[in-house]
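Student: sequence and predicted structure, then a few things I'm wondering about:
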Amino acid sequence: MFRNQYDTDVTTWSPTCRLFQVEYAMEAVKQGSAAIGLRSRSHVVLACVNKAQSELSSHQKKIFKVDDHIGVAIAGLTADGRVLSRYMRPEAINHSFTYESPLPVGRLVVHLADKAQLSHYFSLMLFYNLPILMSAPKDHGNDPMAWTYLERKFESFADSSREDLIKDAILAVRETLQGETLKSSLCTVSVLGVGEPFHFLDQETIQKVIDTFEKVANEEEGEGVAEPAAPAEEGGDGTGDQDVAPMET
């Protein structure tokens, strides 16, 4: 119904009561690669898929450090993610400088929500085309394959160790590759925990984790293959040699 007449800004409703700009933003998120966040009682792990547009270009960064105690992962338009990360970093620095304490994550989330809400008020502004996963120590979204894996495992995450949480995050990333071989160059993993500031894992560490669980999987597959039965000894069941006549008594 003449969609182009109603998708020029975010405040115009179509005759069918639809906001096309909202639908465009949701579609942009679906086109992005997965971003995964796992949390235990002591650690938070963020992982994402690195997808380059072509073999001649590098992948775009999807996990950003805001402060030593805050990191974010995005799935959608990375340009919007960079804009919001540049907004959050000064907020964290200013709070630390003014109050000499880390910025509470809840306050940062409220500030970020207020900034995003402004897009609904002015016709010349567009929505931020991305969801955000924010990781932080505990205070007082996406790919269906990864979602299925996490649904099966999420009850055990609370008691998981740091290493198990990293392994589960990488395994969830592997589920999104649809048969493509997982390599350290295809994923980015960050860790944040109690007494452990936000940091990225290097490619060598990620590859060691990948090699570990792939080795275990290969061993389990090898154990599941039945060994061929040994041939029966001749004469053991009376059928070993058909050409020998029975002895007369």
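Tutor: Looks like it arrived, so ask away.
Student: may I have the residues that are in contact with the residue nearest to His69 when sequence neighbours are not counted?
Tutor: Setting aside the residues directly before and after it, His69 is nearest to Pro102 in space (Cβ to Cβ, 6 or more residues apart in numbering), at 5.1 Å. In short, each C-beta sits where N, CA and C put it, glycine included. For Pro102, the contact set (Cβ atoms under 8 Å, 6 or more residues apart in numbering) comprises 67-69, 92, 95-96.
Student: host element of Pro102?
Tutor: Using DSSP states H and E, Pro102 sits within no helix or strand.
Student: with the one 10 residues further on instead?
Tutor: According to DSSP H and E, Leu112 maps onto helix 105-117.
Student: report the rounded mean pLDDT for that helix.
Tutor: Helix 105-117 comes out with an average pLDDT of 86.
Student: next, give phi and psi for the residue nearest to His69.
Tutor: phi -60, psi 150 (degrees, to the nearest 10).
Student: returning to that earlier point: just curious, which of the contacts of Pro102 is nearest to Thr8?
Tutor: Ala92 (35.6 Å; Cβ to Cβ).
Student: related to what we said a few turns ago, which elements pack onto the helix holding Leu112?
Tutor: helix 78-99, strand 132-135 (3 or more Cβ pairs under 8 Å, 6 or more residues apart in numbering; DSSP states H and E).
Student: how is the residue nearest the centre of the chain assigned, secondary-structure-wise?
Tutor: The chain has Ile36 as the residue nearest its centroid, 2.3 Å off, counting by Cα atoms, centre = their mean. The three-state assignment at Ile36 reads strand, by DSSP: H, G, I helix; E, B strand; the rest coil.
Student: show me what it bridges to in the sheet.
Tutor: Ala47 (DSSP bridges).
Student: wait, doesn't it sit right on Ala146?
Tutor: Yes - the criterion here is Cβ atoms under 8 Å, and Ile36 meets it with Ala146 at 5.8 Å.
Student: need the overlap of contacts for the two.
Tutor: 172-173.
Student: by mean pLDDT, flag the weakest helix or strand of the protein.
Tutor: One helix or strand of the chain scores below all others by mean pLDDT, DSSP states H and E: strand 132-135, with a mean of 62.
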